[in-house]
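**Student:** fold the following, please.
(2 chains)
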Number of protein chains: 2
Amino acid sequence: MELETHLDATPGTVRPGGRTAKVRAAVLEATQDALADSGFHALNLDRIAAAAGVGKTTVYRRWGSAVGLVTDLLRDMAEQSLPAADTGSLDGDLRANARLVLDTLTDARMGPVFRAVIAAAACDEQCADALRGFYATRLGEWAPVVERGVAQGAVPAGTDPLELLRAVSAPLYYRFAVSREPLTPDTAESAAAAALAAARAGAFVV
Amino acid sequence: MELETHLDATPGTVRPGGRTAKVRAAVLEATQDALADSGFHALNLDRIAAAAGVGKTTVYRRWGSAVGLVTDLLRDMAEQSLPAADTGSLDGDLRANARLVLDTLTDARMGPVFRAVIAAAACDEQCADALRGFYATRLGEWAPVVERGVAQGAVPAGTDPLELLRAVSAPLYYRFAVSREPLTPDTAESAAAAALAAARAGAFVV
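**Tutor:** Residues are numbered from 1 along each chain as shown, chains lettered A, B, ... in the order given. Next up, the predicted model:
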């Protein structure tokens, strides 16, 4: 059954944004499922269309290819992602950031999704651009956390917010995507603590 | 022309280890070329055999699959890798470590090879095990650098050598494989400096 038909049959269930937004949501949900299950190289537009209950023609016209699906998914994930923490201290906010990264990468669904989009980016430059954009959005959203920390004197004036935030994420992603070592709550605590210690010592002052 | 034939025709050119080692070297060299050129998913045993000048039967019997080639390549890369620096100071050694990682990841040949093996590890658990083994070997080789630094009082007693070394590599690999941001000599300097500052503050004491 195609989503268009289904939507027409159930008036009142269409959220603001209407049919187009609903189709996109269904297709990106199916894309995430497929990436989590079988990775980037098995991504197949016919199967995505069937899983989303959307016409093949729509999927081919609107996304065109596996790369088109992945880049749109990354745009959507950046838009949907959780707002930055505001715990009252830079230390607390950086720990919350590290824990959010940890929870995402160890999540039964989102872990494999991230593994798949990182692999896609390794194989395709458009996916790489989209992944770069995703992290630019995420880091940008969390930058005020560091700006508040600078204002409170928790880290030196001139501390580069993005460099500090990258330092929090990097050890977690390094284990997840590169050295393939286990991630634990201790890894997250240690990543946040090490990044903050480096920042206090002025390591991210530009 | 097959390598076996070639070797028989040129006596005296066989290094210690003999024909088997020479065949392995040729096959792994061809594997690296293929990974650098076209990535993991295009790896094809017939083409590797042809490029290496080795019989297909030998390649299939000895490596069996693309995964077999990648895992053996990673074992070889770990064995061949450069020894740890000994500049006389922990600061100098960590900077040398960061620069080695930078030079590797930005190398026209080795950058794409690392991108390909990281992608392979994202898609296959045996490749992931081999990549984990590669970094365990590399980090283990550099551990004495940190042990000397502890003995010299450059960082607190109890500093975990592997955690400090991971912290040096992580920001470089994060940009290379995850956020897909550019790597510069400054990135390497900053990674070494931030890791050392965190270590001095006791962030890697276990």
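**Student:** backbone phi and psi for A:T159, please?
**Tutor:** Here the main-chain torsion angles of A:T159 (degrees, to the nearest 10) amount to phi -60, psi 130.
**Student:** kindly report the same for A:V205.
**Tutor:** According to degrees, to the nearest 10, the main-chain angles of A:V205 amount to phi -80, psi 130.
**Student:** is it in a bridge, and if so with what?
**Tutor:** Taking DSSP bridges, one finds A:T159 as the beta-bridge partners of A:V205.
**Student:** against chain B, how distant is it?
**Tutor:** Taken as Cβ to the nearest Cβ, to the nearest Å, the spacing of A:V205 relative to chain B amounts to 10 Å. In this view, the C-beta of every residue, glycine as well, is placed from N, C-alpha and C.
**Student:** one more: A:D160?
**Tutor:** Between A:D160 and chain B the distance is 9 Å, computed by Cβ to the nearest Cβ.
**Student:** that residue - how many residues pack around it?
**Tutor:** Here the neighbour count serves as a burial measure; for A:D160 (other Cβ atoms under 10 Å in any protein chain shown) it reads 17.
**Student:** need the contact list for it.
**Tutor:** By Cβ atoms under 8 Å, 6 or more residues apart in numbering or on different chains, the contact list for A:D160 reads A:F204, A:V205, A:V206.
**Student:** list buried residues within the residues you listed.
**Tutor:** Applying a neighbour-count criterion of 16 or more other Cβ atoms under 10 Å in any protein chain shown, the buried members of the contacts of A:D160 are A:F204.
**Student:** assign A:P83 to helix, strand or coil.
**Tutor:** Using DSSP: H, G, I helix; E, B strand; the rest coil, the three-state assignment for A:P83 comes out as coil.
**Student:** count of neighbours near it?
**Tutor:** A count of nearby residues for A:P83, using other Cβ under 10 Å, gives 8.
**Student:** and stretch A:76-85, which residues are buried?
**Tutor:** By neighbour count on 16+ other Cβ under 10 Å, the buried set for stretch A:76-85 is A:D76, A:M77, A:A78, A:A84, A:A85.
**Student:** including pLDDT and distance to B:A188, could those residues go into JSON lines?
**Tutor:** Supplementary listing: the buried residues of stretch A:76-85 in JSON lines, determined by pLDDT from 0 to 100; distance: Cβ to Cβ, whole Å:
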{"residue": "A:D76", "pLDDT": "96", "distance to B:A188": "34"}
{"residue": "A:M77", "pLDDT": "95", "distance to B:A188": "30"}
{"residue": "A:A78", "pLDDT": "92", "distance to B:A188": "28"}
{"residue": "A:A84", "pLDDT": "94", "distance to B:A188": "29"}
{"residue": "A:A85", "pLDDT": "95", "distance to B:A188": "30"}
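**Student:** can you tell me which of those residues is closest to A:F40?
**Tutor:** Of all those, A:M77 has the smallest distance to A:F40: 14.6 Å, by Cβ to Cβ.
**Student:** next, format the buried residues of stretch A:76-85 as JSON lines and append distance to B:R132.
**Tutor:** Putting the buried residues of stretch A:76-85 into JSON lines (distance: Cβ to Cβ, whole Å) gives the following:
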{"residue": "A:D76", "distance to B:R132": "32"}
{"residue": "A:M77", "distance to B:R132": "27"}
{"residue": "A:A78", "distance to B:R132": "30"}
{"residue": "A:A84", "distance to B:R132": "32"}
{"residue": "A:A85", "distance to B:R132": "31"}
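**Student:** closest one of these to chain B?
**Tutor:** Each of the buried residues of stretch A:76-85 was checked against chain B using Cβ to the nearest Cβ; the closest is A:A78, at 12.4 Å.
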